[in-house]
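Colleague: here is my input; please provide its structure:
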Amino acid sequence: MNIFAYTILLVNLTFVFGNASVNKPNILFLLADDLGWNDVGFHGSSQIESPNLDSLASEGIILNNYYVLPLCTPSRVALLTGRHPVTVGLQYRVIGPGQRSGIPLEFRLMPEYLNELGYESHMVGKWHLGFFHKNYTPSYRGFKSFYGFYNGKNDYFDHRDHETFSVDWWGLDWRLDLAAGESHTPLPLEFGNYSSRAMANRVNSLIDAHNFDSKPLFLYVSFQATHVANDDDPIQCPSETEYEFPNIWDVKRRKYAGMVKELDSAVGKIVGKLREIDQLENTLIVFSTDNGASPNGYENNWGNNFPLRAGKGYFYEGGTRGVAFVKGEMFKSRSGEVSNDLMHISDWLPTLYDAAGGNSKLYLSDLGSYSMFDLLTGKNLTSPRTDVLVNLDPYTDSKGIKVGNFKYLRNPEDNTDGTYDSWYQAPGPRPNTNETLTPNSTPSQVYCGPIPTDIDLSCHSNVSGLNECLFDLRTDPCEFYNLIDDPNYNEQKESIRERLQYWESVQVTPIYPGVDLLADPSRFNYIWRPWTDDPRIPPSGQITP
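Modeller: Predicted coordinates:
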């Protein structure tokens, strides 16, 4: 190749991928686990303190019309692939212990795209996207290092995971993995180090070690909080943190508030480090939950989504309307706003790709998600997204979609038993009392007044005989009134039917293989780790809804 051709090639590559060190923001993506709508101050909680999150949210853009999937694995798939999980095959339940499952290797993940734009990527926290073979683990999917755990939960202090769904296995699930197999090291010596604090310390050590003059930094921090720990002690926080909430009578809710406080403190510590080294103004910060909270004892947890309906595992708003905000210098024209523009968790990949200097329209057009970069910078005034698929489950015939202001649901329990499909207020300051919410206490609060007594709780149509419902979320964000049999909404129902038909035409068969007994951590000195040299995902087993 002659020098002229080589120069042209370099110019073209710089145009496509950008210069690694010029005017690119660091990206800090903070993902909470099972955090509820009413578990943060900026949505109006009167009992949980989240001063660091509240401050960041008030300085950024609060995303008040933002949707996630109802469960952990599907939301993380959407976030990191930029694709709806129905097109990946991980829309059904979550990846369970011993399943030879993961994001298929033909799909590229967010760090791989950002690395091409000159970033150095690290992950801290919860993975929950498969680890049966090393190639499915974070350090083989674009992250230079991974500090955290593979499964969906573990103990916050000893970091051991006791899995009881279809198996009865114990093992340490806490590790430091370096890129491309340089090291996969379990960390038993961190026994007793509370996970939110340990994660913040790891993030800050990465920040301290990074050379910001050479390349920008992408940090994906996937907190354990506020997911439950093991069944024997599900809600965990340091005792001194729990005792900061004497205004909450119920001990479970009080401990949950402590988990949120520790999460908030960890965020504050990370932000403080960025400020200390003068990188905060050059850092784009995203905060999101992966799904709604498990309320009032559901899954042994005590989060709260009130006044939104239901929670984790359900297609209702409490399970799918997510807590989120974004803050960054490039978005300062909209700083302090509450955005009601429709957005989905899968939209972060093209949005951050554009923020990093890429061209998502040119290079990511096949994802099926939308860049919100022009919307968040104020260049565009409306969201490019007009609908959000909640999810499809071909085994239970569960369906959920929002088109415009209208949301259609069929069999919205999504692999739950349906017993938590109502509205759940948080316990109050005295026995048998509830939290008192003050209307309009924050700009992003949702308030629907008292729960009506004249409503039919069932999601059912007397015309079709199906368990289906339709809500106008503009006038009824708390999903009180089912409009499915009202003939005045036939036009909306037809529009929804057309969008559902599209998504059903592009969905793929769910990946859900049976349990591989070779995964038992007792075979590896009671450590959870990849267990096979065969990277192939086997066919799904017999599904029992």
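Colleague: how about the helices of the stretch 51-200 of the chain, start to end?
Modeller: If you assign secondary structure with DSSP state H, counting those that start in this stretch, the helices in the stretch 51-200 of the chain sit at 51-59, 72-81, 110-116, 195-209.
Colleague: who wins for proximity to Arg497 among the ones you listed?
Modeller: Each of the helices of the stretch 51-200 of the chain was checked against Arg497 via Cβ to Cβ, and the shortest separation belongs to helix 72-81, namely 23.1 Å. For every residue, glycine as well, the C-beta is placed using N, CA and C.
Colleague: and the closest one, what does it pack against?
Modeller: With contacts taken as 3 or more Cβ pairs under 8 Å, 6 or more residues apart in numbering; DSSP states H and E, helix 72-81 sits against helix 110-116, helix 348-355.
Colleague: please redo it, this time with the cut-off set to 10 Å
Modeller: For helix 72-81, the packing partners by 3 or more Cβ pairs under 10 Å, 6 or more residues apart in numbering; DSSP states H and E come out as strand 26-32, helix 110-116, strand 120-126, strand 217-222, strand 283-289, strand 343-344, helix 348-355.
Colleague: the second one - contacts with which helices or strands?
Modeller: Counting contacts by 3+ Cβ pairs under 10 Å, 6+ apart, helix 110-116 packs against helix 3-17, strand 26-32, helix 72-81, strand 120-126, strand 217-222, helix 348-355, helix 360-363.
Colleague: closest one to Ser383 among the ones you listed?
Modeller: Across the helices and strands packed on helix 110-116, the minimum distance to Ser383, taken as Cβ to Cβ, is reached by helix 348-355, at 11.3 Å.
Colleague: coming back round to it: let me know which of the helices of the stretch 51-200 of the chain is tucked in deepest.
Modeller: Ranked by mean neighbour count, the helices of the stretch 51-200 of the chain are led by helix 72-81 with a mean of 27 (mean count of other Cβ atoms under 10 Å).
Colleague: and the angle from that one to strand 283-289?
Modeller: Orientation check (axes from the mean of the first three to the mean of the last three Cα atoms, to 10 degrees): helix 72-81 against strand 283-289 gives 160 degrees.
Colleague: export helix 72-81 as PDB, just CAs?
Modeller: Presented in PDB, the C-alpha positions along helix 72-81 are these (Å, rounded to 0.1, in the frame of the first residue of the first chain):
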ATOM      1  CA  CYS A  72     -33.300  -9.100  35.100                       C
ATOM      2  CA  THR A  73     -31.800 -11.100  32.200                       C
ATOM      3  CA  PRO A  74     -34.100  -9.700  29.400                       C
ATOM      4  CA  SER A  75     -33.400  -6.100  30.500                       C
ATOM      5  CA  ARG A  76     -29.600  -6.600  30.500                       C
ATOM      6  CA  VAL A  77     -29.800  -8.300  27.100                       C
ATOM      7  CA  ALA A  78     -31.700  -5.200  25.700                       C
ATOM      8  CA  LEU A  79     -29.200  -2.800  27.300                       C
ATOM      9  CA  LEU A  80     -26.000  -4.500  26.100                       C
ATOM     10  CA  THR A  81     -27.100  -5.600  22.700                       C
END
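Colleague: any idea of the mean pLDDT for that helix?
Modeller: Regarding helix 72-81, the rounded mean pLDDT is 98.
Colleague: and for stretch 257-274?
Modeller: Stretch 257-274 carries an average pLDDT of 98.
Colleague: go on, stretch 536-545?
Modeller: Average pLDDT, stretch 536-545: 70.
Colleague: quick one on the thing from earlier: distance to Ile27 added to the helices of the stretch 51-200 of the chain, as JSON lines?
Modeller: What follows is the helices of the stretch 51-200 of the chain, written out as JSON lines (distance: least, Cβ to Cβ, whole Å):
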{"stretch": "helix 51-59", "distance to Ile27": "15"}
{"stretch": "helix 72-81", "distance to Ile27": "13"}
{"stretch": "helix 110-116", "distance to Ile27": "7"}
{"stretch": "helix 195-209", "distance to Ile27": "13"}
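Colleague: which one, of those, ends up nearest to Leu172?
Modeller: Minimum separation from Leu172 across the helices of the stretch 51-200 of the chain (Cβ to Cβ) falls at helix 195-209, 13.1 Å.
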